[in-house]
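> no sequence for this one, just the structure:
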């Protein structure tokens, strides 16, 4: 064999490494010249489709380096999306160009968004620089996504306004659909605030009025932007005109069919409460977002911040942002008032884009010529009528009347609810001027409540967002709920110093039919501290989210507890219990277990510690994740003749979630923790 | 290993979850499966708009859901292989997790059922995204295995021409090799790569 012969066997041998070095050298020399053997070799190595797969699937590998950027999620998406686009460009003769799309020479990458990548391009025919928004190739193969892209283009092109990005053209016929837009030379509002911090007042008013004008134009076309945030507002170089870009999520009101997955797209920090909840939205959703943008221009920060996007959403729906003037005292009260109005939780309470535009414009005129031009009457009115409102930042609009009424109701320190007071009863406790006290046991208010019927099966439900709940059994038939001041130690946990006045809101329900007392609050501004006394025989249901614990002691009944981040302690209890906490520890100790009890304890990160009475016949299904499992058990061996026995199911059985009856039954127990330690033991003695 | 910054941050579930997999050959499959799917689920979650921390949580949630359901898996039909079953369950769980559940919620038993249930018709788009991300991961892993076992120039000949789209002539000039060498090298790498992909995918058995 030599370097002149075409030989398929040799190709095959080469690929599997079965030929001599000499043959290999011959083959390589042969390949230098022989086109057909090159093709054969590649064909034998892998199908054409595999070559293509390798190219497409490995292409972002080289860009995935080991350095960790500040925003890890961009690490994976940005280079990949950008690389995808760059790889699909047509070749070009121009050495300065990265490639071509249609008649455009691509000269740089500007950024990337949800749908695709924005590149800077030269329009050779018209000799101008434009920005192309090119659809991500991964999405371009999907029909729905192409439709969405085309729709976005149509929607945005319909709005002709200096404060809304213009659409020069759109191509949806090529392999990669793209939009042609003017190239805005400048920075985004986000960059501006990040680099320079809060903007001066005239700038805020000027840019705010421009954004409102752009939104007003879009809203007139029936278009909701849905994603107003500082990074979507460009500042044109030089004149610094605000231009709203990226109608990536925008859609017309009547076109509400295509994307309703409820999945968060993009940064949720500027979302409206109705968006955060996944409810239907209208134009006023953009107004809330504009309020949040103005807030960030005044303070340098987004109004609702949290570690996770879920946390952000909760704050948007439940919290009021920290007052602007606490962070930037140069912002006048009337602007804070306007921003607060834009950020009203109820969509109908927010001013329209048109109103906001003219208000801000008039404000700007007033600020530049305070002697000649008055502040808009609406704003002076807002400040005057709301002066009390503003001084009490956590009590707004609708609540004011109710609070006045309730001030009278709560004139007496002890409140006796009538025995037959059935039905829902929302109330706010009047705010006090007192600051959070150091005295952990100081009582703020006491509620004395009676069950509709004293002896029937009765239950108490307490559902709070943040705080401490301590329930103990007493020998009386009424329920006493003491609302204590938040412990000083939790003050630091109260985000951004939100507790200046303690004025929690509750919903109280005393249901005659079910003989149940329910105390409910969804206000998470305050860390609550509840000390509750209930009759010993009662069914309990306790629910909390974070910042405290759930504690019940000396109760006989069925207890259900649930928390996200708190420890749950159920001590000296009779009856049946369940406890779920995502991050908290669970500790349960029974004095007696009901015959028909179902015991169920679960935590994700926390440990679980269960103590049963000595004479318990039970079947436990235990699942431990990373925590120790097995070694912690402090159990007597299963003894057929003993009253006290527990059988563990999970170590030897895959069917750990099926309770297996042992000698006709026993109490079923399920215990599960992904990361915590599990301990199940019996009390000593018989 | 692919040098990916997310790898070490994603919570290790493997050892604990292995407790529930009894058959040693299944354990190996599970181990490979977790390695493979961890970045896949993470990327899908991020592509669907979840932030870093939430995406990590979701990865964990999906693995827990799958691990919990391992008890249900039985070799009813000898042709159903554990790794195939895992792939199907993982796909369902990932899609359901990103479309149905808010993040940061404890995983109740009913939610596990829901996570593992059938994918709704409307999610075919996402389904193909999961497939795509899975194949991307598969190829990346296979490529890494191949890369460390060949001469750097051999690898470069493949990467420059087959992946980065450089012409063979330019690659030959850049690497200082003959054009025949470039063809030989890239074909040999491709051959090994596709064999490795097949092996990782389990289609070779």
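Yes, it's here. Computed from a prediction, not measured in an experiment: that's the story for all the values here. Numbering: from 1, shown residues only, chains lettered A, B, ... in the order given.
> burial measure for residue 201, as a count.
Defaulting to chain A. 18 (other C-beta atoms under 10 Å in any protein chain shown). Any C-beta I mention is one placed from the backbone N, CA and C, and that applies to glycine too.
> ah, no, chain B please
There are 16 residues near residue B:201, going by other C-beta under 10 Å.
> residues contacting residue A:240?
Residue A:240 makes contact with A:186, A:207, according to C-beta atoms under 8 Å, 6 or more residues apart in numbering or on different chains.
> which residue ranges form the helices in chain B?
Along chain B, counting by DSSP state H, helices occupy B:14-18, B:24-47, B:52-69, B:82-100, B:109-116, B:124-148, B:152-158, B:168-175, B:179-201.
> for whichever residue of chain B sits closest to chain A, give me its contacts.
For chain B and chain A, the shortest gap (C-beta to the nearest C-beta) falls at residue B:180, measuring 3.4 Å. Residues counted as contacts of residue B:180 (C-beta under 8 Å, 6+ apart) are A:27, A:28, A:29, A:30, A:31, A:32, A:33.
> most surrounded residue in these?
Highest neighbour count within the contacts of residue B:180: residue A:27, with 26 neighbours (other C-beta under 10 Å).
> separation between that one and chain B?
Using C-beta to the nearest C-beta, to the nearest Å, residue A:27 is found at 7 Å from chain B.
> quick one: low-confidence parts of chain B?
B:1-32, B:53, B:67-84, B:86, B:100-124, B:202-205 (pLDDT under 70).
> how many neighbouring residues does the residue in the stretch 351-500 of chain A that chain B sits nearest to have?
Minimum separation of the stretch 351-500 of chain A from chain B (C-beta to the nearest C-beta) falls at residue A:465, amounting to 14.1 Å. Counted with other C-beta under 10 Å, residues neighbouring residue A:465 total 22.
> so it sits against residue A:521, correct?
Yes: because the distance of 6.5 Å satisfies C-beta atoms under 8 Å, residue A:465 is recorded as touching residue A:521.
> quick one, what contacts residue A:327?
By C-beta under 8 Å, 6+ apart, the contact set of residue A:327 is A:298, A:299, A:300, A:301.
> repeat that for residue B:175.
Here residue B:175 is in contact with B:153, B:156, B:157, B:160, B:182 (criterion: C-beta under 8 Å, 6+ apart).
> quick check on the residues you listed: which are buried?
Buried by 16 or more other C-beta atoms under 10 Å in any protein chain shown: B:156, B:157, B:160, B:182, out of the contacts of residue B:175.
> reformat these as TSV; add distance to chain A.
Formatted as TSV, the buried ones among the contacts of residue B:175 follow (distance: C-beta to the nearest C-beta, whole Å):
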residue	distance to chain A
B:156	11
B:157	12
B:160	10
B:182	9
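> which pair of those residues spans the longest distance?
The two members of the buried ones among the contacts of residue B:175 with the most space between them (C-beta to C-beta) are B:156 and B:182, at 9.6 Å.
> common neighbours of the two, please.
When C-beta under 8 Å, 6+ apart defines a contact, the residues bordering residue B:156 and residue B:182 alike are B:171, B:175.
> what is the burial count for residue B:144?
Applying other C-beta under 10 Å, we find 15 residues neighbouring residue B:144.
> again, but for residue A:601
Residue A:601 is flanked by 27 other residues according to other C-beta under 10 Å.
> re earlier: closest one of the contacts of residue A:327 to chain B?
Taking the contacts of residue A:327 together and measuring to chain B by C-beta to the nearest C-beta, the closest member is residue A:301, at 17.1 Å.
> show the contacting residues for that closest one.
residue A:327.
> please report how far it lies from residue B:192.
53 Å (C-beta to C-beta, to the nearest Å).
> in the lengthiest helix in chain A, what's buried?
Longest helix in chain A by number of residues, with DSSP H as the criterion: helix A:201-220. Buried residues in helix A:201-220, counted by 16+ other C-beta under 10 Å: A:201, A:204-219.
> which other helices and strands does that helix contact?
If you count contacts as 3 or more C-beta pairs under 8 Å, 6 or more residues apart in numbering or on different chains; DSSP states H and E, helix A:201-220 packs onto strand A:233-236, strand A:242-244, helix A:283-299, helix A:333-342, helix A:353-368.
> if we can go back for a sec, so what sits against both of residue A:465 and residue A:521?
Residues touching both residue A:465 and residue A:521 by C-beta under 8 Å, 6+ apart: none at all.
> work out for me the element residue A:274 sits within.
Using DSSP states H and E, residue A:274 falls within helix A:273-277.
> say whether chain B is contacted by that helix.
No: in terms of C-beta under 8 Å from any C-beta of the partner chain, no part of helix A:273-277 sits within range of chain B; the closest distance is 10.5 Å.
> quick check: buried residues in that helix?
A:273, A:274, A:275, A:276.
> pull the contacting residues for the closest residue to the first one other than its chain neighbours.
Looking back up the chat, that one is residue A:273. Counting by C-beta to C-beta, 6 or more residues apart in numbering or on different chains, residue A:317 is the residue found nearest to residue A:273 once chain neighbours are left out, at 4.6 Å. With contacts defined as C-beta under 8 Å, 6+ apart, the neighbours of residue A:317 are A:273, A:276, A:277, A:345.
> please redo it, this time with the cut-off set to 10 Å
By C-beta atoms under 10 Å, 6 or more residues apart in numbering or on different chains, the contact list for residue A:317 reads A:271, A:272, A:273, A:274, A:275, A:276, A:277, A:304, A:345, A:522, A:524.
> can you check residue A:574 too?
A:473, A:536-537, A:554-557, A:559, A:590-594, A:597, A:613.
> and the helix or strand hosting it, average pLDDT?
Residue A:574 belongs to strand A:567-581 when elements are defined using DSSP H and E. The average pLDDT for strand A:567-581 rounds to 92.
> tell me how many other residues crowd residue 43.
No chain in the question, so chain A it is. For residue A:43, the neighbour count with other C-beta under 10 Å is 13.
> can you look at chain B instead?
Applying other C-beta under 10 Å, we find 25 residues neighbouring residue B:43.
> quick one: it and residue B:129 touch, right?
Yes: the pair formed by residue B:43 and residue B:129 meets the contact definition of C-beta atoms under 10 Å, at 9.1 Å.
> so which of the contacts of residue A:574 are in strands?
Per DSSP state E, strands hold the following members of the contacts of residue A:574: A:473, A:556, A:557, A:559, A:590, A:591, A:592, A:593.
> now the strands for the stretch 101-250 of chain A?
Ranges of strands in the stretch 101-250 of chain A, per DSSP state E, counting those that start in this stretch, are A:104-112, A:116-123, A:128-135, A:169-171, A:178-182, A:186-188, A:223-224, A:233-236, A:242-244.
> now mean neighbour count and mean pLDDT too, for these, in TSV please.
Formatted as TSV, those follow (neighbours: other C-beta atoms under 10 Å in any protein chain shown; pLDDT from 0 to 100):
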stretch	mean neighbour count	mean pLDDT
strand A:104-112	18	78
strand A:116-123	23	81
strand A:128-135	22	83
strand A:169-171	17	80
strand A:178-182	22	84
strand A:186-188	18	83
strand A:223-224	23	82
strand A:233-236	20	87
strand A:242-244	24	91
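> kindly reformat those as JSON lines containing distance to chain B.
Below are the strands of the stretch 101-250 of chain A laid out as JSON lines (distance: least, C-beta to the nearest C-beta, whole Å):
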{"stretch": "strand A:104-112", "distance to chain B": "12"}
{"stretch": "strand A:116-123", "distance to chain B": "13"}
{"stretch": "strand A:128-135", "distance to chain B": "14"}
{"stretch": "strand A:169-171", "distance to chain B": "22"}
{"stretch": "strand A:178-182", "distance to chain B": "20"}
{"stretch": "strand A:186-188", "distance to chain B": "19"}
{"stretch": "strand A:223-224", "distance to chain B": "18"}
{"stretch": "strand A:233-236", "distance to chain B": "20"}
{"stretch": "strand A:242-244", "distance to chain B": "21"}
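> contacting residues around residue 189?
You didn't say which chain, so I picked chain A. Residue A:189 touches A:199, A:207, A:211, A:229-235, A:242-243, A:293, A:296-297, counting by C-beta under 10 Å, 6+ apart.
> nope, chain B please
For residue B:189, the contact set (C-beta under 10 Å, 6+ apart) comprises A:45-46, A:54, B:143, B:146-147, B:149-150, B:154-159, B:161-162.
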